[in-house]
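S.K.: Prediction below, plus the sequence it came from.
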Amino acid sequence: MSHKDYKAVIKPFLSEKRYRHSLAVAEEAVHLAKNMGRMRRKPIQREFCTTS
């Protein structure tokens, strides 16, 4: 399913306010996931590592 398909499926079940909120939450989740992926690729700095 594409994003348009999902939007078409959920829209009839939600108020306009809840629908816009749901889209914003989904967009932010993608944004955070991309940022977390970038952060994980950075090397661990030794001074912050407590297991060594």
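M.R.: Noted; the coordinates are in hand.
S.K.: quick one: residue 24 from residue 35, how far?
M.R.: Per C-beta to C-beta, to the nearest Å, residue 24 is found 16 Å from residue 35. For glycine as for every other residue, the C-beta is placed from the backbone atoms N, C-alpha and C.
S.K.: before we move on, what about residue 25?
M.R.: Between residue 25 and residue 35 the computed distance is 16 Å (C-beta to C-beta).
S.K.: Show me where this structure dips below the pLDDT cut-off.
M.R.: Where the chain drops to pLDDT under 70, the residues are 38-52.
S.K.: Would you map the helices across it?
M.R.: 3-10, 16-41 (DSSP state H).
S.K.: since we're on residue 22, how many residues are nearby?
M.R.: Residue 22 has 15 neighbouring residues, counting by other C-beta atoms under 10 Å.
S.K.: is it true that it touches residue 10?
M.R.: Yes. Between residue 22 and residue 10 there is a contact at 6.7 Å, judged by C-beta atoms under 8 Å.
S.K.: Let's check: the centremost residue of the protein is which one?
M.R.: Nearest residue to the geometric centre of the chain (C-alpha atoms, centre = their mean): residue 29, 1.2 Å.
S.K.: measure that one to residue 12 for me?
M.R.: 22 Å.
S.K.: where does residue 25 sit relative to residue 13, distance-wise?
M.R.: For residue 25, the distance to residue 13 - C-beta to C-beta - is 15 Å.
S.K.: make that residue 7, sorry
M.R.: From residue 7 to residue 13 the distance is 11 Å (C-beta to C-beta).
S.K.: Which one's more surrounded, those two?
M.R.: More neighbours surround residue 7 than the other of residue 7 and residue 13, with 14 against 8 (other C-beta under 10 Å).
S.K.: ok now do the more buried one, which residues does it touch?
M.R.: residue 23 (C-beta atoms under 8 Å, 6 or more residues apart in numbering).
S.K.: Let the chain start at 325 from now.
M.R.: Let's use 325 as the start, then, which means that last one is residue 331.
S.K.: gap between it and residue 347?
M.R.: 7 Å.
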